[in-house]
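Undergrad: here is a sequence with its predicted model. Questions after.
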Amino acid sequence: MIFFSLLAVSVVLYNDSPFTLKAQIISADGTDKGTIEILPQHEFKWQDTQQNVQRFSQTPYTVIWYCKDSSVYGTQGDVGTGFTATAQSSNGGHFCKPDKQQPQKNN
């Protein structure tokens, strides 16, 4: 158990944007490791629980930040163990379309 915890790989995902974003983590071999929705100005510590000692490291990871409409907010490569990936430091447009508001009824 202690041996496994020493080999655990973790990355901090910090959404420093004004938008709710999804962060997708992709390993060095192209495997989709998961997607997490993160509110603005919040962070999430992601841990690769599938890591095992028989395989080579899955790092560095790529983090792709997505808007609610699935458009890409930004992409960040070379994310290593213990690294903090932030939405604003990713490469991309850094913009999400505003949510459509319901038309107001005039009474």
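TA: Noted; the coordinates are in hand. Residues are numbered from 1 along each chain as shown.
Undergrad: what's the nearest residue to the residue most central in space within the chain if we skip its chain neighbours?
TA: Nearest to the mean C-alpha position of the chain, by C-alpha atoms, centre = their mean, lies A23 at 2.6 Å. In space, not counting the residues next to it along the chain, A23 is nearest to L13; the distance is 4.6 Å by C-beta to C-beta, 6 or more residues apart in numbering. All C-beta spots, glycine's among them, are computed from the backbone N, C-alpha and C.
Undergrad: T35 now?
TA: Here the residue nearest T35, using C-beta to C-beta, 6+ apart, is Q24, at 4.5 Å.
Undergrad: in the protein, which spans are strands?
TA: For the chain, the strands defined by DSSP state E occupy 9-15, 21-26, 32-38, 42-48, 61-66, 72-79, 84-86.
Undergrad: right, so those strands: which one is the most enclosed?
TA: Among those, the stretch with the highest mean neighbour count (mean count of other C-beta atoms under 10 Å) is strand 61-66, at a mean of 22.
Undergrad: so what touches that strand?
TA: Counting by C-beta atoms under 8 Å, 6 or more residues apart in numbering, the neighbours of strand 61-66 from elsewhere in the structure are 11, 13, 15, 17, 21-28, 33, 35, 72-80, 85, 87, 90, 92.
Undergrad: please redo it, this time with the cut-off set to 6 Å
TA: Contacts with strand 61-66, where a contact means C-beta atoms under 6 Å, 6 or more residues apart in numbering, come from 21-27, 73-77, 79, 85, 87, 90.
Undergrad: beta partners of the residue nearest to T35?
TA: T35, I64 (DSSP bridges).
Undergrad: confirm for me that it is in contact with I36.
TA: No. Using C-beta atoms under 6 Å, Q24 and I36 do not qualify as a contacting pair, with a distance of 8.2 Å.
Undergrad: how many residues are close by the nearest residue to D99 once chain neighbours are set aside?
TA: With C-beta to C-beta, 6+ apart as the measure, K68 is the residue that lies nearest to D99, at 7.1 Å, once sequence neighbours are left out. As a burial measure, K68 scores 14 neighbours (other C-beta atoms under 10 Å).
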